[in-house]
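Enquirer: return a 3D structure for these sequence lines:
(chains A and B)
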Amino acid sequence: KAGVTQTPRYLIKTRGQQVTLSCSPISGHRSVSWYQQTPGQGLQFLFEYFSETQRNKGNFPGRFSGRQFSNSRSEMNVSTLELGDSALYLCASSTEPTDTQYFGPGTRLTVL
Amino acid sequence: AQSVTQLGSHVSVSEGALVLLRCNYSSSVPPYLFWYVQYPNQGLQLLLKYTSAATLVKGINGFEAEFKKSETSFHLTKPSAHMSDAAEYFCAVSDRQAGTALIFGKGTTLSVSS
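Expert: The predicted structure follows:
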């Protein structure tokens, strides 16, 4: 079974731009979560989607948003990029919200 | 609120030596506990998880962890380190009832020397 896929793998943007990251979960998984990983703050939870509904949201500003489609694929969007948004963004999927999360390879975002 | 503390941001061992990575958690409800490993430029790979079935949990690549409620610990061990074990290791906790997000520790980088 194919794992979690994330596109693109690398992205370079400039301050003020917006960006959209995509995540395709493992086949049959309906829950998708997003995490931000930085050297300073470590791994932090962004949000979780299940059956196209946001179930949980971390402590991030409103510039960070996401959505989930009927096929369980998910996208996250960051508007008005700041230098501090440079990070590895990880997507994880699970069959149900309480089940084990399996991670994708991540998207490395660099904001210049 | 849940939290995880990983003692030691960097651990160095010799090949063949015992690996011990420490993790203490705080949770007001029965937790799920996890260990993940991250190799450079990759995502997180699940090593093992505790869901209350057994206190000693065996994972992949020869790793195991023991849940000790009295000590609120979930330390990761491997009897004999291999060069390929060099990576960053993360302990994480989640609320088994609510299925909330994973709360991660800061991570421990394991170095293995020959």
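Enquirer: tell me the centre residue of chain A?
Expert: A:W34 (3.5 Å; C-alpha atoms, centre = their mean).
Enquirer: count the neighbours of residue 23 for me.
Expert: Since no chain was named, I'll use chain A. 27 (other C-beta atoms under 10 Å in any protein chain shown). Backbone N, C-alpha and C define where each C-beta goes, glycine included.
Enquirer: wrong chain, I was asking about chain B
Expert: The number of residues near B:C23, taken as other C-beta under 10 Å, comes to 24.
Enquirer: my guess is it contacts B:V4, does it?
Expert: Yes - counting by C-beta atoms under 8 Å, B:C23 touches B:V4, with 6.3 Å between them.
Enquirer: would you list every one of the helices in the chain?
Expert: Since no chain was named, I'll use chain A. Counting by DSSP state H, chain A has no helices at all.
Enquirer: all strands of it, in order?
Expert: A:5-7, A:10-13, A:19-24, A:31-38, A:42-50, A:53-57, A:64-68, A:74-78, A:87-94, A:102-103, A:107-111 (DSSP state E).
Enquirer: now distance to B:F90 and mean pLDDT too, for those strands, in a markdown table please.
Expert: As requested, the strands of chain A are arranged in a markdown table below (distance: least, C-beta to C-beta, whole Å; pLDDT from 0 to 100):
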| stretch | distance to B:F90 | mean pLDDT |
| --- | --- | --- |
| strand A:5-7 | 18 | 97 |
| strand A:10-13 | 22 | 97 |
| strand A:19-24 | 19 | 98 |
| strand A:31-38 | 10 | 96 |
| strand A:42-50 | 7 | 94 |
| strand A:53-57 | 19 | 91 |
| strand A:64-68 | 22 | 97 |
| strand A:74-78 | 21 | 98 |
| strand A:87-94 | 11 | 96 |
| strand A:102-103 | 10 | 95 |
| strand A:107-111 | 18 | 98 |
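Enquirer: any chance of the ones you listed in a markdown table, plus distance to chain B?
Expert: Compiled in a markdown table, these are given as follows (distance: least, C-beta to the nearest C-beta, whole Å):
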| stretch | distance to chain B |
| --- | --- |
| strand A:5-7 | 8 |
| strand A:10-13 | 10 |
| strand A:19-24 | 11 |
| strand A:31-38 | 6 |
| strand A:42-50 | 4 |
| strand A:53-57 | 6 |
| strand A:64-68 | 13 |
| strand A:74-78 | 14 |
| strand A:87-94 | 6 |
| strand A:102-103 | 4 |
| strand A:107-111 | 8 |
